[in-house]
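# the amino acid sequence is not available; the structure is as follows:
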Ligand SMILES: O=C(O)C(=O)C[C@]1(C(=O)O)C=C[C@@H](O)C=C1
């Protein structure tokens, strides 16, 4: 059975991976940090790893993009987009201590993953302004700690699966700013797993522009534009080699097996761009209701 490294246990990473890849075919190995997920996969402890890469409200997780680009050589094998419903998880105020207008005023500390305050800022401002936020390694880790403390003044924000698995009640469901809060996850690894075909294939490339070439980015974009190749994302990141130099991280809708995409890549290489292919992979969305297991 192939192993998949995930941030976990009981995290959104685990919930989303189980949704898309099921419970039977893979063994899920939980790691405390995303850097451990990258390292375990790169070292061959697991064949594959799952990385949260982008959120509706927060945009790209730059740290994870940088790891993928600079620290490891792990091709992208699939991506999926999963709805993220955040829940306030903890213990109700002891009787007599419930403040009028705010049932959560007794909470003095909230623990969760550091990306969470941005996703729940409205609720936190309204109900948890008197609480200190303590970042921990994952949303589920906050719930685990709350379970060990059994202290009504300490709560967590995380997934329902963590509330169930650690036996800490949900105080308020769906506290994220937007109903459609989504996170995009990447499946990475040296070995390609057997997955069901998806209608949507994506290719991710890194492009470094030649120095002193006016209009180079324009030429790169036009190589895709006139072939009607859709860019679903473009982002510049520092090369980390020289101040002021950047590469472009580009997600393209299309396959390397098509005629047009390799031709566009050849064209931009011809003007002196360096191109690194990070992966060509199926993309799954929650709405498709697909389980990409063969
Ligand atoms: O802490 C978790 O539950 C995770 O799986 C990590 C993570 C992230 O890093 O973005 C995944 C989805 C949510 O956006 C919040 C946290």
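Okay, I see it. Note that the structure is predicted; figures quoted are calculated from it, not measured.

# now the element after the helix or strand of the chain with the lowest mean pLDDT, going C-ward?
Ranking every helix and strand in the chain by mean pLDDT, DSSP states H and E puts strand 59-60 at the bottom, with a mean of 74. Following strand 59-60 in sequence order, the next helix or strand is helix 62-66 (DSSP states H and E).

# and whichever helix or strand comes after that following helix, is it in reach of the ligand?
Scanning forward in sequence from helix 62-66 by DSSP H and E, the next helix or strand is strand 76-83. No: Strand 76-83 lies apart from the ligand when judged by Cβ under 6 Å from any ligand atom; the minimum separation is 7.8 Å. Every C-beta, even on glycine, is put in place using the N, C-alpha and C of the backbone.

# helices or strands up against strand 76-83?
Packing partners of strand 76-83 (3 or more Cβ pairs under 8 Å, 6 or more residues apart in numbering; DSSP states H and E): helix 12-21, strand 182-188, strand 274-285.

# show me what the shortest one is in contact with.
Read it as strand 182-188. Contacts to strand 182-188, defined as Cβ atoms under 8 Å, 6 or more residues apart in numbering, come from residues 4, 12-13, 16-17, 21, 41, 48-56, 68, 72, 74-84, 193, 279, 281, 286.

# are any of these buried, and which?
Neighbour counting with 16 or more other Cβ atoms under 10 Å marks 4, 12-13, 16-17, 21, 41, 48-56, 68, 74-84, 193, 279, 281 as buried within the contacts of strand 182-188.

# mind giving me a markdown table with the helices and strands packed on strand 76-83 and columns for mean pLDDT and distance to residue 176?
Formatted as a markdown table, these follow (pLDDT from 0 to 100; distance: least, Cβ to Cβ, whole Å):
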| stretch | mean pLDDT | distance to residue 176 |
| --- | --- | --- |
| helix 12-21 | 94 | 11 |
| strand 182-188 | 96 | 10 |
| strand 274-285 | 95 | 18 |
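
# how about a markdown table for these, with distance to residue 106 added?
Formatted as a markdown table, these follow (distance: least, Cβ to Cβ, whole Å):
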| stretch | distance to residue 106 |
| --- | --- |
| helix 12-21 | 26 |
| strand 182-188 | 30 |
| strand 274-285 | 39 |
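
# good, wrapping up.
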